[in-house]
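Asks: my questions are about this predicted structure, shown below with the sequence.
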Protein chains: 2
Amino acid sequence: MGLCVACHGEDGVSRVAGTPHLAGQDGLYLRRALQDYRSGRRQHVPMSSLANSLQPADIEALAAWYASRPGFAAAGVAP
Amino acid sequence: MGLCVACHGEDGVSRVAGTPHLAGQDGLYLRRALQDYRSGRRQHVPMSSLANSLQPADIEALAAWYASRPGFAAAGVAP
């Protein structure tokens, strides 16, 4: 999880323009995104290499955790 | 916009598992995602063909609109 926080924020609300918020995102979408980065179907530096270091169980846990976070508004992110 | 609603919901909160919420998402990320679908750097049915039908100004407007929507929590989406 530590690797995700640098770009996606402690709570899954990104502080870096161009980096997507993950908090409250659809869990299946998140899982597929990580799987696609891992398979190469989707490419991005550094996501591709990060996803490659994950086991399937890690992907499940990360997707579920971020999907369970309160959505953006709750985190006080000005739309 | 009508084409987006079918999957991404009226307010950018998806009702379809596996389809990402867009409400309150980072605007630059949304713009890049649409541009990538349009260029083929990112591929997905039906996003690739939908993005191909968009003009650059459409992409700007859609990304800005969805980024300005209240985030997921505000839309009462159970995380």
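Replies: Looks like it arrived, so ask away. Numbers count the residues shown, from 1 in each chain, chains lettered A, B, ... in the order given.
Asks: now do the SS call for A:Ala23.
Replies: coil (DSSP: H, G, I helix; E, B strand; the rest coil).
Asks: got a list of what the closest residue to it other than its chain neighbours touches?
Replies: Of all residues not flanking A:Ala23 in the chain, A:Gly12 sits nearest, at 3.3 Å (C-beta to C-beta, 6 or more residues apart in numbering or on different chains). Every C-beta, even on glycine, is put in place using the N, C-alpha and C of the backbone. By C-beta atoms under 8 Å, 6 or more residues apart in numbering or on different chains, the residues touching A:Gly12 are A:His21, A:Leu22, A:Ala23, A:Gly24, A:Gln25, A:Tyr66, A:Arg69, A:Ala75.
Asks: tally of neighbours for A:Leu54?
Replies: If you count neighbours by other C-beta atoms under 10 Å in any protein chain shown, A:Leu54 ends up with 17.
Asks: give me the buried positions along the lowest-mean-pLDDT helix or strand in chain A.
Replies: Between all helices and strands in chain A, the lowest mean by mean pLDDT, DSSP states H and E belongs to helix A:2-8, at a mean of 89. Neighbour-count burial for helix A:2-8, counted by 16 or more other C-beta atoms under 10 Å in any protein chain shown, picks out A:Cys4, A:Cys7, A:His8.
Asks: and it, anywhere near chain B?
Replies: No: remark: helix A:2-8 sits outside contact range of chain B, by C-beta under 8 Å from any C-beta of the partner chain, the gap being at least 10.3 Å.
Asks: would TSV of the buried residues of helix A:2-8 with distance to A:Ser53 be doable?
Replies: Output for the buried residues of helix A:2-8, formatted as TSV (distance: C-beta to C-beta, whole Å):
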residue	distance to A:Ser53
A:Cys4	12
A:Cys7	15
A:His8	16
